[in-house]
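[1] Give me a 3D structure for the following:
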Amino acid sequence: MPFSPPPRIPSGPRRRSLLASVAGAALLVGCSEGPDDTADPGGAGPSAAERARARAARDSGALVERYDAVLAAHPALAERLRPLREEVARHVKAFGGGSGATPGASPSGSPSPVSSPSPSATEATVPSSEKDALAELAAAERELADRRAEALLELPGETARLLASVAAAGAAHAYLLTATPKEDAG
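    Predicted coordinates for the structure are as follows:
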């Protein structure tokens, strides 16, 4: 006896299509833009997103200070470090940090001498060799990128996307700091 098709072809979506759509919609809802409002129930403190942005701005500001300390100790690295430092300074602004968090930046885009270096331990801990200084900066970039990547899961939409982007940039910086620059042949 030959197999005959069902007398009626079901109209509408099939179960698999429906389940896939529901699963996709659930994922989109989790990533959709919405208010970054996860404030305390009493409304007394800043939201989780605001706290994360402030922490990220402080962390990026501290990283800018590290770049400045390395640049002060090893001026020969200026050409290599300037673009990375400028990008980290833009991260401070993206997270809502003030312009005071980027000492040493000049309008021309090149780092100027820090007028009043912070008496923190950053300058005292700059290694004497350029290679070690670059390795230390790379480790700082990598560690910060890892912390930011871990924090993503607890943050709402737009803040999580911004943090993910900056974490990826930090990972790229770590790679660039450890990569051997190629010499120009021509």
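
[2] Is Ala138 in contact with Ala174, as I believe?
    Yes. At 4.5 Å, Ala138 counts as touching Ala174 under the criterion of C-beta atoms under 8 Å. Using the backbone N, CA and C atoms, a C-beta is placed for each residue, glycine as well.

[3] Looking at these two now, which is surrounded by more residues?
    Neighbours per residue (other C-beta atoms under 10 Å) separate Ala138 from Ala174, with Ala174 holding more: 22 against 18.

[4] Tell me the buried residues in whichever strand or helix holds the more buried one?
    Using DSSP states H and E, Ala174 falls within helix 157-178. The neighbour-count check on helix 157-178 (16 or more other C-beta atoms under 10 Å) flags 159-160, 162-163, 166-167, 169-171, 173-174, 176-177 as buried.

[5] so, if you compare these, which one comes nearest to Thr125?
    Nearest to Thr125 among the buried residues of helix 157-178 is Leu177, at 16.4 Å by C-beta to C-beta.

[6] Can you name the residues that contact the closest one?
    Shown in contact with Leu177 (C-beta atoms under 8 Å, 6 or more residues apart in numbering): Leu84, Leu134, Ala135, Leu137, Ala138, Glu141.

[7] about what we covered before: tell me which of the buried residues of helix 157-178 is nearest to Ala72?
    Taking these together and measuring to Ala72 by C-beta to C-beta, the closest member is Leu177, at 17.0 Å.

[8] For that closest one, give its distance to Ala140.
    Note on Leu177: its distance to Ala140, by C-beta to C-beta, to the nearest Å, is 9 Å.

[9] isn't Ala160 right next to Leu152, touching?
    Yes. The pair Ala160 / Leu152 is scored as a contact, 5.0 Å apart, by C-beta under 8 Å.

[10] where are the low-confidence patches of the chain?
    Within the chain, the stretches with pLDDT under 70 are 1, 4-44, 99-124, 183-186.

[11] switch the cut-off to 80
    The model of the chain has pLDDT under 80 over residues 1-45, 98-124, 181-186.

[12] all helices for it, in order.
    15-31, 48-73, 78-94, 121-124, 130-151, 157-178 (DSSP state H).
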